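> Need a 3D model of the following:
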Amino acid sequence: MPSVKAITFTCITASEVRVSGLPIHFSGFARSDGRVGVRNYLVVLSSVALVNRWAELVASAVPEARVVAGEFMRGLRSPDALRQERASEALVTHPNVGACLVLCHDAASARLWRKYLADCGRPHAVLALMDQAGMEAAVGAGRQILSRLDDVRRTVERVPCPIGALTLALECGGSDPTSALVANPAIGLVVDALIGAGGGAIVSETVEFVGAEEPVRDRCPSAQLAARLLGAIAAAEERMEEDGERYRGVNPTAENIEAGLTTLIEKSMGAVAKTGSRPFAGLLQFGETPATPGLYLMDTPFFSPCSITGMVAAGAQITMFGLGVFNPSGNPLAPTIKVCGNPMTAARWRDAIDVDLSEVLAQRLSLDQAAQRLGESLVETAAGRETQAERWREGQFIVPKTLTPL
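Below is the predicted model of the structure:
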């Protein structure tokens, strides 16, 4: 990578630019619970890792089906068991889900799932593996039901939906100097515009805010909220140091340093840039749904597939992912818009990046124009345009665990 000094750029602050108003409506899927989807996915949920393979075999019969599976375990203790239960329930009833088939191991679990889904407002079915007569029969039964659900799902059409019904999951990875100069500030301007239109945004990876406590405090409308957010950041830093290694001494990572970052504050301030300039509305636990529109910090681990899982479980319909060097993260239930301001990354990973903003560094594109381009991509994605992450089926579901399972 060439020296950053070889690149001439003009530093522009967020206050000097703006995103033109987003449209009042976009073409989406109105759900009976009042939420809005940007996709109408057919989902097969494996409720426990024992039936992951069954879910894969069943879903393979319908090319458009999405499998929701992870290391969903038995034997978890509270609060891990409750966190896993709530996350899996939230994922299968996500606003981007048009119909769902839940696969369980035993009849008792299936009964609980049928009770939960009774009023979910979308076509659904639940099967238990132990009620089947062999694997061939189990796969056949699942595929038959999935086909029927797909037929019903396809009858649902897009309708005009308010842009303010959208909530963005905000993520960044492979951070380098262009993250703080281009991709993340452009995302932040779009976040400001969306929240101004009545929408919401969630940012996570709590330790990414270590070193940026002052701007977080300044954007809290009350001392009480500031104490909550700063307390979560301090607790995350303390957890990171439990193994005896000082977090502020090992971050930026080797990947970040190789890409051109030198200090933790550089990295953290770059990460904060993607949140825009609006005040924080609250602190969320993993997978917790925001009570009102606005900007929220979700307390999650720093691994992007895990943090994105939490934000999607909270109801975020689209992920905006700022890249320096490339990162393959995503989520199967929320289209991921990958945004990059690094010209070398954009050229090398052209088939995996959605919005190339690298012209900002060469002064061929202003940050205002970059944000406008990104806002247009948001609206087009919400209306159905496939993202590169969707094309490659990127993404995983990871729910964090804090206690040793039984």
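> now the most far-flung residue of the chain relative to its centre: how far from Val190?
Most distant from the centre of the chain: Ala133, at 38.4 Å, with distances by Cα atoms, centre = their mean. Per Cβ to Cβ, to the nearest Å, Ala133 is found 53 Å from Val190. C-beta here means a position set from N, CA and C on the backbone, and glycine is covered the same way.
> ranges for the strands of this protein?
For the chain, the strands defined by DSSP state E cover 25-30, 36-37, 41-46, 65-68, 97-104, 124-128, 159-162, 167-173, 200-203, 280-284, 294-298, 318-323, 336-340, 355-356.
> roughly how far apart are the closest residue in space to Ile233 that isn't next to it in sequence and Gly276?
Excluding the flanking residues, the one nearest Ile233 by Cβ to Cβ, 6 or more residues apart in numbering is Phe209, at 4.9 Å. Using Cβ to Cβ, one gets 15 Å for the distance from Phe209 to Gly276.
> Over to Ile318?
Here the criterion is Cβ to Cβ. By it, Ile318 lies 15 Å from Gly276.
> Who has more neighbours out of those two?
Neighbours per residue, other Cβ atoms under 10 Å: of Ile318 and Gly276, the larger number sits with Gly276, 25 against 22.
> which intervals of this structure have sub-threshold pLDDT?
1-20, 242-267 (pLDDT under 70).
> rerun at 80
Where the chain drops to pLDDT under 80, the residues are 1-21, 240-268.
> Need the distance between the two termini of stretch 273-291.
One end of stretch 273-291 sits 24 Å from the other (Cα to Cα, to the nearest Å).
> I meant stretch 151-167, not that one.
28 Å.
> Then stretch 332-346?
23 Å.
> Quick one: distance of it to the chain centre.
Here stretch 332-346 shows a centroid-to-chain-centroid distance of 13 Å under the convention Cα atoms, centre = their mean, to the nearest Å.
> how about it: buried residues?
Residues of stretch 332-346 classed as buried: 332-343, 345-346 (neighbour count, 16 or more other Cβ atoms under 10 Å).
> just stretch 112-124 next, same as before
Buried residues in stretch 112-124 (16+ other Cβ under 10 Å): 113, 116-117, 120, 122-124.
> Throw those into JSON lines and include distance to Ile353, thanks.
Shown next, in JSON lines, are these (distance: Cβ to Cβ, whole Å):
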{"residue": "Trp113", "distance to Ile353": "38"}
{"residue": "Tyr116", "distance to Ile353": "38"}
{"residue": "Leu117", "distance to Ile353": "37"}
{"residue": "Cys120", "distance to Ile353": "35"}
{"residue": "Arg122", "distance to Ile353": "32"}
{"residue": "Pro123", "distance to Ile353": "35"}
{"residue": "His124", "distance to Ile353": "35"}
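> Between those residues, which sits nearest Gln363?
Arg122 (48.5 Å; Cβ to Cβ).
> what residues are up against the residue positioned nearest the centre of the chain?
Nearest to the mean C-alpha position of the chain, by Cα atoms, centre = their mean, lies Ile308 at 3.5 Å. Applying Cβ atoms under 8 Å, 6 or more residues apart in numbering, we find Ile308 in contact with 169, 171, 204, 319, 329-331, 334, 336, 395.
> Look up the closest residue to it, ignoring the ones flanking it.
Asn331 (4.8 Å).
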